[in-house]
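Undergrad: Have a look; sequence and predicted model below, questions after that.
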Amino acid sequence: MLTNIILIFTILLFAFLYFKYSKITLLFFVSILPSYLLRFSFFNFPTTFLEIVFLGIFLGFIIKWFFYRFDVRTGGWSIFIVLLFLISIIQIKISPDSFSALGIWRAYFLEPIIFFIISLSTFEYKDFEKIINSLGITAFLISIYSIFQKITGIGISNIDSSWVISETRRVTSLFPYPNALALFLVPISILFFGMFIKKIKEKKYFNSFIYFFIFIISFLSVFFAKSDAGIISIIISLLLFPVFYFKKGFNLLFLYIPILTSLFIIQNPIKEKINFQDYSGSIRIEMWEETKEMLNDNFIFGSGINGYQKIMEKYHENDYFEIYLYPHNLFLNFWVEIGLFGLIIFMFIFFKFFKNCYKYKKNKDYSIFLSLSLVSIIIHGLVDVPYFKNDLSMLFWIIIMLSCLLDLKKNVLLYTNQ
């Protein structure tokens, strides 16, 4: 009962804070995305601290709109939001466990998209860097902690004892497993590398040092987590940076292509990884084959939200690995969870995002590293799950929201609100 009273007070507190200090409250929320790890029961319903803060912000937003009737912006994404809501709701019904699917839908679709709308309706173009800086607060803290773990071995998740041993150590920071750390830091690290370049151009060298420092410790954290996909995602995104940044940057592709091709051909430590010849690679191939069989029988609807493990029981034949929550591929993840039409909607979301970033030529620096941030998510997602987690789904829609802020001029949207 005491917990419920405290959580109600917290919701009311953040409702008040949003009403009085909207931008600061949202920036605080952006800086605490990993707080979903703090879990509670709220009137017998499972929740997280991140969700409690979100509920307060949502309540404050509704009250403030009631008083001031300001424009609720969707940034031209209305059709995608509506379709995604409709299709994902259908997938709740398809799921073998509709009640748990409802909780997943709430955390990974409903709340992130509502936060996208709230933040887009609150922030202005001039707040762009403040939002990135808020992400940097989290990146800094969890990176410093992960480096501490690397040095001392203290605080590493004990899910796998080999992560703690110095010879095979993999840092986890606040997260339960190393890949969760990498999935969160990879797109943020690209944003900070872009800000580093921008501040160098502006001759703000102290600021550029801060951005570069956070990029470096974020990259080190991914490296110490021994996330091969995360490391490769960052490296490829950095290699693409000059390709899109300079006028003749595309000429670099003639240099990159033979180098990358050689990695597939010439015997080297990387070849085993990129050809999926190591243990984790073989597991993924087997997982994708089993998922393909399942999708042959459930082509349109997939497994339904949170239904993958249950429906895969009759397709899983390889006993040397478990049935994971998701098939560890961005496109298969969406397909099995929200069906073929849900996957198609996300493909359109990617297309619209890159198209929008491309047209913002007056904001070249921002648009390029925003694009590469999403590129890093897609690359990482080829072998992992970069969306279906509380912090990652929020981060995804924050990046989409940032692209919409580029379309603001003198704090007025260039498009008509839909």
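TA: Cool, got the structure.

Undergrad: how about low-confidence regions in this protein?
TA: Within the chain, the segments meeting pLDDT under 70 span 260, 262-277, 361-362, 408-418.

Undergrad: which residue ranges form the strands in it?
TA: Taking DSSP state E as the test, the strands found in the chain are 39-42, 45-48, 408-409, 412-413.

Undergrad: Which residues are in contact with the closest residue to D391 other than its chain neighbours?
TA: Spatially, and ignoring its direct neighbours in sequence, D391 is nearest to L33 (4.1 Å; CB to CB, 6 or more residues apart in numbering). C-beta: built from backbone N, CA, C; applies to glycine. Shown in contact with L33 (CB atoms under 8 Å, 6 or more residues apart in numbering): L50, L135, T138, F184, N390, D391, M394, L395.

Undergrad: if you set the cut-off to 10 Å instead, what comes out?
TA: 50, 134-135, 138, 142, 184, 188, 389-395, 398 (CB atoms under 10 Å, 6 or more residues apart in numbering).

Undergrad: What is the most widely separated pair among those residues?
TA: Pairwise distances across the contacts of L33 (CB to CB) peak at 18.9 Å, for the pair S134 and K389.

Undergrad: coming back round to it: which of the contacts of L33 has the most neighbours?
TA: Counting neighbours by other CB atoms under 10 Å, F184 comes out on top of these with 28 neighbours.

Undergrad: so it makes contact with I142?
TA: Yes - in terms of CB atoms under 10 Å, F184 counts as a neighbour of I142; the distance is 7.5 Å.

Undergrad: Quickly list what's touching both of those two.
TA: In contact with both F184 and I142: L33, P34, S173, L174, F175, S218, S221, using CB under 10 Å, 6+ apart.

Undergrad: of those residues, closest to F254?
TA: Closest to F254, out of all of those and judged by CB to CB, is S218, at 30.4 Å.

Undergrad: Quick check: the closest one touching F196?
TA: No - S218 is beyond contact range of F196, at 11.5 Å (criterion: CB under 10 Å).

Undergrad: Of those two, give the one with the bigger neighbour count.
TA: A direct count of neighbours by other CB under 10 Å for S218 and F196 places S218 higher, at 29 against 20.

Undergrad: do you know how far that one is from I52?
TA: Plainly put, S218 is 27 Å away from I52 if you go by CB to CB, to the nearest Å.

Undergrad: Okay, and which of the shared contacts of F184 and I142 map to helices?
TA: S218, S221 (DSSP state H).

Undergrad: want to throw the shared contacts of F184 and I142 into TSV with distance to L110?
TA: TSV is the format used below for the shared contacts of F184 and I142 (distance: CB to CB, whole Å):
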residue	distance to L110
L33	16
P34	20
S173	27
L174	25
F175	23
S218	29
S221	30
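
Undergrad: List just the nearest of the shared contacts of F184 and I142 to L332.
TA: F175 (22.9 Å).

Undergrad: So that closest one is in contact with S146, correct?
TA: Yes - with contacts counted by CB under 10 Å, F175 reaches S146, the gap being 9.1 Å.

Undergrad: So for these two, which sits in the more crowded spot?
TA: S146 (29 against 22).

Undergrad: thought the more buried one was touching A225?
TA: Yes - at 7.0 Å, S146 counts as touching A225 under the criterion of CB under 10 Å.

Undergrad: the domain parsing of this protein - what is it?
TA: With domains defined by automatic domain parsing, the chain comprises 1-70, 76-122+276-418, 131-241.

Undergrad: Nearest approach to K248 belongs to which of those?
TA: For K248, the closest of the domains of the chain is domain 131-241, at 14.2 Å, according to CB to CB.

Undergrad: From the chain's centroid, how far away is the closest one?
TA: 14 Å (CA atoms, centre = their mean, to the nearest Å).

Undergrad: how long is that domain from one end to the other?
TA: Taking CA to CA, to the nearest Å, domain 131-241 runs 21 Å from one end to the other.

Undergrad: For the biggest helix by length in the chain, buried residues please.
TA: If you go by DSSP H, the chain has its longest helix at helix 330-359. The neighbour-count check on helix 330-359 (16 or more other CB atoms under 10 Å) flags 330, 332-343, 345-346, 349-350, 352-354, 356-357 as buried.

Undergrad: that older thread, can you pull the residues that touch both of F175 and S146?
TA: With CB under 10 Å, 6+ apart, F175 and S146 have common neighbours L181, A182, L185, A225.

Undergrad: among those residues, which two are most distant?
TA: Across the shared contacts of F175 and S146 (CB to CB), the longest gap, 8.4 Å, separates L185 and A225.

Undergrad: More neighbours: which of those two?
TA: L185 (31 against 28).

Undergrad: re the thing from before, joint contacts of L185 and A225?
TA: S146, S173, F175.

Undergrad: ok, the second one touching L141?
TA: Right, S173. Yes - in this structure, S173 is within contact of L141 by CB under 10 Å, at 8.6 Å.

Undergrad: which neighbours do those two share?
TA: Residues touching both S173 and L141 by CB under 10 Å, 6+ apart: P34.

Undergrad: So these two - more neighbours on which side?
TA: Neighbours per residue (other CB under 10 Å) separate S173 from L141, with S173 holding more: 25 against 14.
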